[in-house]
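*Asks:* Kindly return the folded structure for what I paste below:
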Amino acid sequence: MKKVKKLLEVGVDGGGSEIFLMSDGSVADIGSTMRMFDEDEIGNWELQFPNFEAYWKDFKKSKGEFWVIFHPLFIDEDVKEIIRTSVDAFQTEDEWEIRGVKTWKERLEQKDFF
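*Replies:* Presented below is the predicted three-dimensional model:
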């Protein structure tokens, strides 16, 4: 299967992932992370989802409230509304999560020039 385009890229200390739309319409999450407590072992993954909505639902569920702390490096225009709905609905009083929400909102407003 061939990658058609990048939909999202997120990072966090020690790792991150890129989410691609594939030629069959599915979505692939390709990422890596350094597991500092396992003698600096690097973990890699490639997960498949039927569409971006399924990926996004899994991302939020698997990360819990911490998803908002992941740093958005790239957000494709085609998925901004799905993400914006989640960001706008996120309620918190935690200082780090408030910063995360601000970062997501700023990234959602940026126009990519690549």
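*Asks:* residues near residue 62, how many?
*Replies:* By other Cβ atoms under 10 Å, the residues close to residue 62 number 10. C-beta coordinates here come from the backbone N, C-alpha and C atoms, glycine included.
*Asks:* Which residues does stretch 45-52 contact?
*Replies:* Contact with stretch 45-52 is made by 7-8, 17, 19, 21-22, 25-32, 55, 58, 78-79, 82, as judged by Cβ atoms under 8 Å, 6 or more residues apart in numbering.
*Asks:* Which of the residues you listed fall in strands?
*Replies:* 7, 8, 17, 19, 21, 22, 27, 28, 29, 30, 31, 32 (DSSP state E).
*Asks:* and those, which are buried?
*Replies:* 7, 8, 17, 19, 21, 27, 28, 29, 31 (16 or more other Cβ atoms under 10 Å).
*Asks:* Might you report the residue contacts of the nearest residue to the fourth one once chain neighbours are set aside?
*Replies:* By that I understand residue 19. Using Cβ to Cβ, 6 or more residues apart in numbering and skipping the chain neighbours, the partner closest in space to residue 19 is residue 8 (4.2 Å). Neighbouring residues of residue 8 by Cβ under 8 Å, 6+ apart: 18, 19, 52, 72, 74, 75, 76, 79, 83.
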